[in-house]
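Enquirer: Return a 3D structure for these sequence lines:
(2 chains)
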Amino acid sequence: ETGVTQTPRHLVMGMTNKKSLKCEQHLGHNAMYWYKQSAKKPLELMFVYSLEERVENNSVPSRFSPECPNSSHLFLHLHTLQPEDSALYLCASSQQLGQGTGANVLTFGAGSRLTVL
Amino acid sequence: AQRVTQPEKLLSVFKGAPVELKCNYSYSGSPELFWYVQYSRQRLQLLLRHISRESIKGFTADLNKGETSFHLKKPFAQEEDSAMYYCALSGNNYGGSQGNLIFGKGTKLSVKP
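Expert: Numbering: from 1, shown residues only, chains lettered A, B, ... in the order given. Coordinates of the predicted model:
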């Protein structure tokens, strides 16, 4: 599959579980993002990585822990989540951050639908 | 505060009718504005950006700084245009941070035959 791939597509977990979401891109992009999409709310930016360094943490609770081992992979580790964390988690990538034609042109994955019981 | 407002949750038109999806923004600097689209069972994807000044799938959008608007327009809607449309803003001095694309809540466009 080309573009941005997210696994798993669906995840159901209890509040005490530990799970991880995975995102992979082979577009040669340098920036990767995690967004949260809840019902009746706008897309919320969670984390931004540029060249494997975190450059943005949008006041996300510590029960969400991102990891970017290389420029092609991004993880979101989940621990002791709450039912209100149930949402669609979208990964995206772009050529670069900041200004320029490649910035802010995001390629999105299909998302991981998370349900916390 | 930086904000993107899409006042309509749902817009329903008939095929062949003109369509205008409204987007207003609040930003003190020089913003970049985008329209992203999500068709049924497909991923969110870029439709167009204001700096490109291009028409994509018959859609155009003009940045009006006086009215702080970036409305999306198409003269003749087609059934395949039915989708969720998101307006987004990127500021080059948003809190000193980069990579923060602010999205509106989205407007669902339904084009009826």
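
Enquirer: residue ranges with poor pLDDT in chain B?
Expert: By pLDDT under 70, the low-scoring segments of chain B are B:91-99.

Enquirer: of all the residues in it, which ones are close to chain A?
Expert: Contacts of chain B with chain A, taken as C-beta under 8 Å from any C-beta of the partner chain, map to B:4, B:32, B:34, B:36, B:43-46, B:49, B:86, B:88, B:90, B:92, B:97-106. Where you see a C-beta, it was placed from the backbone N, CA and C, and this is true even at glycine.

Enquirer: Which among those residues count as buried?
Expert: B:4, B:32, B:34, B:36, B:43-44, B:46, B:49, B:86, B:88, B:90, B:98-106 (16 or more other C-beta atoms under 10 Å in any protein chain shown).

Enquirer: In three-state terms, how would residue B:51 be classified?
Expert: Classification of residue B:51 using DSSP: H, G, I helix; E, B strand; the rest coil returns helix.

Enquirer: For burial, what's the neighbour tally of it?
Expert: 12 (other C-beta atoms under 10 Å in any protein chain shown).

Enquirer: With residue A:25 instead?
Expert: Neighbours around residue A:25, by other C-beta under 10 Å: 23.

Enquirer: name the element the nearest residue to residue A:104 once chain neighbours are set aside belongs to?
Expert: For residue A:104, ignoring the flanking residues on the chain, the nearest one in space by C-beta to C-beta, 6 or more residues apart in numbering or on different chains is residue B:90 at 4.5 Å. Using DSSP states H and E, residue B:90 falls within strand B:83-91.
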